[in-house]
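Chemist: I need the structure of the sequence given here:
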Amino acid sequence: MINPDAHGHVTGQSVYLDDIPEQRGTLHALVYSSPIAHGRIRGLDVSQALAVPGVEAVLSAADIPGENQIGGIVPDEPLFAEGEVHFAGQPVALVVARDERTARQALAKIRFDVEELEAVTDPRTAKEKGLFLVPPMTFRLGDPGAVWDECAHVYEGRTESGGQEHLYIETQGAYACPAENGCLRIHSSTQGPTAVQKTTARVLGLPMNRVEVDVTRLGGGFGGKEDQATGFACMAALAAYKLERPVKLVLHRMDDMKMTGKRHPYSADFKIGLSRDLKILAYQATFYQNGGAAADLSPAILDRSLFHLGNAYYIPHAEVTAYSCKTHLPPNTAFRGFGGPQGMFVIEAAIARAAHALGVPASKIQQANFLQEGDVFPYGQVARQVRIRQCAEAAERHFSLHRLREEVTAYNERHATTKKGLALMPICFGISFTNTSMNQARALVHIFQDGSVEVSTGAIEMGQGVNAKIRQVVAGTLSVGQDRIRLATTNTSRVANTSPTAASSGADLNGKAAEIACRNLLGRLLAVAAEELQADPTKLLIKDEWVWHGDRKTSLGWEELIAKAMLKRMCLTENGHYATPVIHFDRRSAKGHPFAYHVYGLAAIEARVDCIRGTYTFDRALIVHDFGNSLNPLIDQGQVEGALVQGMGWMTMEEVVYDSQGRLRSNSLSTYKVPDIYSVPREVVCHPLEVEGPDLAVMKSKAVGEPPLMYGIGAYFALQEAILAFNPSYVPDFEAPMTPEKVLLRLYGRRPTPAS
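Modeler: As a prediction, this is how the structure comes out:
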């Protein structure tokens, strides 16, 4: 169960993109980007840059042999700006030189003449101006308009949730090398190798079979390299193709922060209606997604916000409309949770608004409305294997939540200048790509003559341990030691037409494909064993590298079996293909069965606020999580802890700031704060819910990458409870992140907000 990459990471031997030995003659590239957010291009003078000794070329849109287009879902994003620029940081040209220092000198000599135009940075303003990336989408269940009069309590409000910088340790980068016959080999720090292959082929005017993309591992992704790695790989490939030399492009941290999109900020309006016994009868909301200057993955992210509009609650009458608004910011993109956290924050804010007005704990409303078996989600799927009430019951057993609340109340009575708050955060998160066609994967498995095994899949290892899990699947299916198994790099020439490693589906899809390949190989090997042993193949199995006949160990071991299979000219290579069954979704009706299964869980977050300074710490994060039958508890626990802290960072300290001209102000680690070791809750406990996992999860081990991030939302509401304990006149508003500055303002004033 040990991650095979752990030793290499700790000793520094793991190879990342910038560690790949450079070929002789390698050139280095840097991007010249727009200094303004919106403008009309009047001229681009690169003559002085070309005059710098050591500069080989300055490439722009005019040098592209194919299409100047890298948009995925919507073809609305040029590789290099043409005619207009639409965000500060938009690539305009690429300087290619003998080394990075020379390229940096040349960048300063480019003269870019641009007429500045109005920049729109707010999604509500964009909506008023009719600036949309795609048409709006509405999810509807029942008829909220018909039941408002039946509600005993109706409340309205507004929420704001901010962006979030991915801050992967390894910045965006690519290394492109020319190959024979006009082909290219690209090493890319990407979660989507096929997207890089397909888009590079489009830009260069080549068939896909002349572009090979290879990925060993990433130094983090978090969604930021699902789509946005593609453009930088295309730039390196363009330069390598034009100059017939290897070209490396690796972004400086500040360039990466400036040029790339973040988690989508959302603004939202909500209206919630409850019965006298606190049942949610009706819920309406409008989401305004700040998509940035191009669609990128915004439409799919908006869909997932709608899929998670009700979180873990049953709402019989719900209607939510979502607008993907076009602004003059870098195109915002995938981020762990993929729109789900933004949708969940709104319903949790609506519950908190109602709880405050009614003078009851939010947990009372939460628990009164938990999903039950057979309830229908707003998108039409029937809830099956619902675990949220079991999570709540387990949390009470393990953590005595009622006692924790009593302790918080007692603490607040004893302390005048520090106050505590406690909030519960339940989660229900769907697993699958909501674009049904993406729910497929392949695996190529070779068994070599000495009995060792090599596995290639479409999964990208980016620190989440997917390779370790696939290795376990292969070892368990073939019943051989893990030391016999090697995971090869992810390569588009070995495993083609891959889906990106995203949507928490990497282990499920690729692990299932590897399992299918191994089962097919196993069937052939047992046929060989049956012939050798003169036995019924249905009575044979391989266990711990030996062939067994029923409960009797035979004399035929793994290596001898492989040798005999070779002598019989048996194929020891297999390609496994897996496509998730059952799932489907019709966008026209906004109904279907889009998820293979759901992950449930509940967290109790306890915050302590220094009411003199506005600073805060988190004393506890107590979690019950639905892992199913965890394939690798060590990796899964690590994923829960990392996701929790990343979610808490989004809700508390990570504040992405653009000025009114669309320029990023939080553009370095001195102006953008992420959680460090001192930000982690002093006590983090995660109990696995002891239930059987679903068949559609690999080895019944549920996906774990994204769901735990939503636990971090509880940190926001825990801080609100602490503020209320100090300032009872505070009317909660819902503007995240809740930075220490915002806490201080709320401790000492009744700041008017739309939510009040």
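
Chemist: hmm, what's the outermost residue in the chain?
Modeler: Centroid-distance maximum for the chain: residue 534 at 52.0 Å, with CA atoms, centre = their mean.

Chemist: roughly how far apart are that one and residue 262?
Modeler: 65 Å (CB to CB, to the nearest Å). Every C-beta, even on glycine, is put in place using the N, C-alpha and C of the backbone.

Chemist: for residue 602, same thing?
Modeler: Distance from residue 602 to residue 262, by CB to CB: 28 Å.

Chemist: which SS class is residue 349?
Modeler: Under DSSP: H, G, I helix; E, B strand; the rest coil, residue 349 falls in the helix class.

Chemist: check contacts around the closest residue to it other than its chain neighbours.
Modeler: Of all residues not flanking residue 349 in the chain, residue 734 sits nearest, at 4.0 Å (CB to CB, 6 or more residues apart in numbering). By CB atoms under 8 Å, 6 or more residues apart in numbering, the contact set of residue 734 is 157-160, 345, 349, 352-353, 755.

Chemist: Check what pLDDT residue 734 gets.
Modeler: Per-residue pLDDT puts residue 734 at 98.

Chemist: Next step: the contacts of residue 734 restricted to helices.
Modeler: 345, 349, 352-353 (DSSP state H).

Chemist: Alpha carbons of the helix or strand of the chain with the lowest mean pLDDT, as PDB, please.
Modeler: Lowest by mean pLDDT, DSSP states H and E among the helices and strands of the chain is helix 6-11, with a mean of 90. Extracted C-alpha coordinates of helix 6-11, given in PDB (Å, rounded to 0.1, in the frame of the first residue of the first chain):
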ATOM      1  CA  ALA A   6       7.300   8.300  -2.200                       C
ATOM      2  CA  HIS A   7      11.100   7.400  -2.200                       C
ATOM      3  CA  GLY A   8      11.800   9.400  -5.400                       C
ATOM      4  CA  HIS A   9       9.900  12.400  -4.100                       C
ATOM      5  CA  VAL A  10      11.700  12.500  -0.800                       C
ATOM      6  CA  THR A  11      15.100  12.000  -2.300                       C
END
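
Chemist: name the helices or strands packed onto it?
Modeler: Helices and strands touching helix 6-11, as assessed by 3 or more CB pairs under 8 Å, 6 or more residues apart in numbering; DSSP states H and E, are absent.

Chemist: Run me through the strand neighbours of whichever helix or strand comes after that helix, direction for each.
Modeler: Sequence-wise, the next helix or strand downstream of helix 6-11 (DSSP states H and E) is strand 27-33. Looking at strand 27-33 with DSSP bridges, its partner strands are strand 91-97 (antiparallel), strand 247-250 (parallel).

Chemist: can you redo those strands as JSON lines with mean pLDDT and mean neighbour count?
Modeler: Shown next, in JSON lines, are the strands paired with strand 27-33 (pLDDT from 0 to 100; neighbours: other CB atoms under 10 Å):
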{"stretch": "strand 91-97", "mean pLDDT": "98", "mean neighbour count": "25"}
{"stretch": "strand 247-250", "mean pLDDT": "98", "mean neighbour count": "26"}
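
Chemist: For residue 445, give me its contacts.
Modeler: 453-456, 474, 514, 517-518, 521, 573-576.

Chemist: hang on, the earlier thing: can you tell me which of the contacts of residue 734 is nearest residue 490?
Modeler: The closest of the contacts of residue 734 to residue 490 turns out to be residue 345 (CB to CB; 33.6 Å).

Chemist: Among the contacts of residue 445, name the ones in helices.
Modeler: 474, 514, 517-518, 521.

Chemist: Who wins on neighbours among the residues you listed?
Modeler: Highest neighbour count within these, by other CB atoms under 10 Å: residue 514, with 31 neighbours.

Chemist: Could you chop the chain up by domain?
Modeler: 6-117+167-259, 266-434+587-747, 440-579 (automatic domain parsing).

Chemist: Out of those, which is closest to residue 149?
Modeler: It's domain 266-434+587-747; of the domains of the chain, that one is closest to residue 149 (CB to CB) at 9.3 Å.

Chemist: Would you map the helices across the stretch 251-400 of the chain?
Modeler: 253-259, 298-307, 340-358, 362-368, 388-399 (DSSP state H, counting those that start in this stretch).

Chemist: Just put the ones you listed in TSV and tack on mean neighbour count.
Modeler: Shown next, in TSV, are the helices of the stretch 251-400 of the chain (neighbours: other CB atoms under 10 Å):
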stretch	mean neighbour count
helix 253-259	19
helix 298-307	25
helix 340-358	25
helix 362-368	20
helix 388-399	18
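
Chemist: give me the element residue 234 is part of.
Modeler: Going by DSSP H and E, residue 234 is part of helix 229-243.

Chemist: Show me what that helix is packed up against.
Modeler: Short answer (3+ CB pairs under 8 Å, 6+ apart): helix 229-243 packs on strand 27-33, strand 55-59, strand 91-97, strand 173-178, strand 184-188, helix 193-204, strand 247-250.

Chemist: Adding distance to residue 729, write the ones you listed out as TSV.
Modeler: Shown next, in TSV, are the helices and strands packed on helix 229-243 (distance: least, CB to CB, whole Å):
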stretch	distance to residue 729
strand 27-33	47
strand 55-59	60
strand 91-97	50
strand 173-178	52
strand 184-188	54
helix 193-204	52
strand 247-250	52
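
Chemist: of all the ones you listed, which lies closest to residue 71?
Modeler: Counting by CB to CB, residue 71 lies closest to helix 193-204 out of the helices and strands packed on helix 229-243; the figure is 8.8 Å.

Chemist: now that closest one against strand 173-178, angle please.
Modeler: On the basis of axes from the mean of the first three to the mean of the last three CA atoms, to 10 degrees, helix 193-204 is oriented at 60 degrees to strand 173-178.

Chemist: Output the contacting helices and strands for the following helix or strand past helix 193-204.
Modeler: Once the chain leaves helix 193-204, the next helix or strand it forms, by DSSP H and E, is strand 211-215. If contacts are counted by 3+ CB pairs under 8 Å, 6+ apart, strand 211-215 sits against strand 184-188, helix 193-204, strand 490-491.

Chemist: And strand 211-215, what's buried?
Modeler: Residues 211-215 are the ones in strand 211-215 that count as buried (16 or more other CB atoms under 10 Å).

Chemist: Stretch 668-688 now?
Modeler: For stretch 668-688, the neighbour count (16+ other CB under 10 Å) marks 672-673, 675, 679-681, 684, 686-688 as buried.

Chemist: just to revisit the earlier point, so which of the ones in helices among the contacts of residue 445 is the closest to residue 255?
Modeler: Among the ones in helices among the contacts of residue 445, residue 514 lies closest to residue 255 (CB to CB), at 37.5 Å.

Chemist: The residue nearest to the closest one when sequence neighbours are not counted bridge partners, please.
Modeler: Spatial nearest neighbour of residue 514, excluding adjacent residues (CB to CB, 6+ apart): residue 443 at 4.0 Å. Beta-bridge pairing of residue 443 under DSSP bridges involves residue 457, residue 576.

Chemist: contacting residues around residue 443?
Modeler: Contacts of residue 443 by CB under 8 Å, 6+ apart are 455-458, 470, 495, 510, 513-514, 516-517, 575-576.

Chemist: Check residue 323 too.
Modeler: Taking CB under 8 Å, 6+ apart, we find residue 323 in contact with 123, 127, 132, 136, 286-289.

Chemist: Can you flag the buried ones in these?
Modeler: Buried, going by 16+ other CB under 10 Å: 123, 127, 132, 286-289, out of those.

Chemist: what two of those are the furthest from one another?
Modeler: Maximum pairwise distance among the buried ones among the contacts of residue 323 (CB to CB): 13.5 Å, between 132 and 286.
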